[in-house]
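1. Sequence and computational prediction follow.
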Amino acid sequence: MGLRRAIEYARSHRQRFVSELKDFVRFPSVSNQPQHARDVRRCASWLAKHLRSIGLERVRIISTSRHPVVYAAWQHAQGRPTLLIYGHYDVQPPEPLSEWRTPPFEPVVRDNNLYGRGACDDKGQLFTHVKALESYLKTERTLPVNVKCIFEGEEELGGSPGLETFVKKNQSALRADAALMSDTRMLGPGRPALGYAQRGNIRFEVEVRGPRQDLHSGNFGGAVHNPLQALCEIIAGLHDSDGRVTISGFYDKVREWSAEEREYMQKTGPKDADILRDAGVPKEWGETGYSLYERITIRPALTLNGITGGYQGTGIKTVIPARALAKISIRIVPDQNPLEIDKLFRQHIARVAPSTVSVRVRTLAASNPALVNRNHPALRAAAFAYQKGFGATPVFLRSGGSVPAASIFQKTLGIPTVLMGFALPDDQLHAPNEKFHLPNFFRGIETSIWYLAAAAKLGKVGEEAASQKEWRA
């Protein structure tokens with residue numbers, strides 16, 4: 001009966017939920033741009049206040065080395081399991097601004113979609129669980145399970161450095177039976193998916209320097225090695241003609257999967273044509289011998305994410321730039337180790353760097369891959385909740401992306417993470433005109449309500465091992 005009342009409450013308050021989500025999206029909480037540090041903090045304060053207003057307790061804004069963690073809890077379900085609900089309130093930079101149809105931090109509803117930076121990744125998906133908790137607490141004054149919420153502001157930095165430190169220092173206080181997060185995609189409209197694997201990620205900057213200052217290309221062209229050209233030559237050599245990464249030892253520890261697992265992936269995962277359509281490209285590229293779904297999930301990948309150097313303005317300025325910079329990410333898979341791949345990458349760059357320029361590598365962030373048993377009770381409960389919320393049985397999918405929290409919870413707390421995504425393939429995550437399909441928002445709330453009820457049947461951890469009055473940041 002309580003579950004039904006919670007669902008009725010959620011349905012009757014949809015308009016307000018969307019209005020509150022708009023308020024949430026308006027904060028330009030761009031974590032990797034220093035000029036938005038205050039906005040990130042303001043967003044954390046708004047979220048903390050909102051969590052108090054819906055009935056959660058022990059709400060705290062906990063400082064880290066950079067951006068705060070927002071914590072909240074409700075722990076009155078004696079003898080019931082504990083869920084750790086995770087999300088991130090920081091967002092990607094909105095640039096290029098010229099490609100947005102409407103300003104990124106002035107959210108608008110159009111064609112049943114809410115447009116705005118962070119509308120889907122991850123404020124909207126995070127909010128599905130907040131509204132599910134509200135729906136229970138405002139109708140029943142109780143929850144089916146104990147809940148601890150961790151909402152961080154550093155996920156888009158890569159590696160979630162503040163979160164990892166926070167979790168390590170508060171392992172006892174954060175004990176739980178399973179973690180729940182929504183920061184992944186569905187297969188398509190009405191086609192829910194449960195994630196059971198994530199790739200890890202290592203992010204680098206490669207800087208090449210040449211002359212002390214920009215030089216006139218007429219006076220020095222042909223006599224001085226252009227740092228931008230040298231950088232392009234280094235990058236061009238990172239892949240061979242078959243799309244394989246040329247770093248020595250790069251594939252040595254990549255796990256080979258059984259024929260049964262690959263057959264399961266072929267049966268349940270997106271087809272090559274689906275992936276090409278979602279990407280908006282006519283032809284595939286990459287490592288031969290694998291489907292596109294396999295290439296983006298069970299195989300590692302090295303990607304050039306950005307490059308800069310020389311004159312970027314209108315027209316031409318004939319210079320040899322003094323400096324060039326590339327941003328590179330490497331997605332890693334079981335059983336690759338971030339530290340080992342970092343070392344191999346640095347050795348490769350040192351080996352191929354020309355003596356005519358100086359080259360420097362900086363590691364910006366790193367996270368491990370994560371893998372969850374598809375048969376774990378926490379995932380079975382999620383499949384049941386999806387069936388109730390969307391009227392469809394979810395497929396189990398691997399993700400090519402990286403959610404550092406999943407590997408942190410697995411490694412540090414020893415718990416599985418349920419990756420319950422509500423994003424659509426065309427929701428433009430990390431791109432201009434990001435959106436969240438509102439029917440998915442509403443169904444996501446109901447799915448979360450069902451999951452809270454189903455999770456009550458999970459096994460529970462022991463009694464609290466530490467007081468949460470004093471958190472270690």
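-> Cool, got the structure.
2. What are the buried residues along the strand or helix carrying Phe127?
-> Using DSSP states H and E, Phe127 sits within helix 123-140. Residues 123-137, 139 are the ones in helix 123-140 that count as buried (16 or more other Cβ atoms under 10 Å). Any C-beta I mention is one placed from the backbone N, CA and C, and that applies to glycine too.
3. give the contact list for the nearest residue to Tyr71 once chain neighbours are set aside.
-> Distances taken as Cβ to Cβ, 6 or more residues apart in numbering place Arg60 nearest to Tyr71, at 4.8 Å, with adjacent residues excluded. Counting by Cβ atoms under 8 Å, 6 or more residues apart in numbering, Arg60 makes contact with 48, 70-72, 471.
4. three-state assignment of Arg60?
-> Here Arg60 is recorded as strand under DSSP: H, G, I helix; E, B strand; the rest coil.
5. Next step: the contacts of Arg60 restricted to helices.
-> Counting by DSSP state H, the contacts of Arg60 place Ala48 in helices.
6. Out of the contacts of Arg60, which is nearest to Pro321?
-> Pro321 lies nearest to Val70 out of these, by Cβ to Cβ, at 42.4 Å.
7. follow-up on the earlier one: so which elements touch the helix holding Phe127?
-> helix 2-12, helix 14-25, strand 82-88, strand 146-152, helix 438-455 (3 or more Cβ pairs under 8 Å, 6 or more residues apart in numbering; DSSP states H and E).
8. average pLDDT for the helix or strand encompassing Arg42?
-> Using DSSP H and E, the element containing Arg42 is helix 37-53. Confidence for helix 37-53, expressed as mean pLDDT, is 98.
9. so what secondary structure elements neighbour that helix?
-> Right, helix 37-53 is packed against helix 14-25, strand 57-62, strand 69-74, strand 146-152 by 3+ Cβ pairs under 8 Å, 6+ apart.
10. Break down the stretch 351-473 of the chain into its strands, ranges please.
-> 358-367, 370-371, 395-399, 417-420, 435-437 (DSSP state E, counting those that start in this stretch).
11. Name the residues of the last one that are buried.
-> Of the residues in strand 435-437, those buried by neighbour count under the rule 16+ other Cβ under 10 Å are 435-437.
12. Same list, those, but as TSV with pLDDT and distance to Ser98 please.
-> Below are the buried residues of strand 435-437 laid out as TSV (pLDDT from 0 to 100; distance: Cβ to Cβ, whole Å):
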residue	pLDDT	distance to Ser98
Lys435	98	18
Phe436	98	22
His437	98	25
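13. Quickly name whichever of these is closest to Cys149.
-> Out of the buried residues of strand 435-437, the member with the shortest distance to Cys149 (by Cβ to Cβ) is Phe436, at 19.9 Å.
14. hang on, the earlier thing: and the helices and strands packed on helix 37-53, which is most packed in?
-> Highest mean neighbour count of these: strand 146-152, a mean of 26 (counted as mean count of other Cβ atoms under 10 Å).
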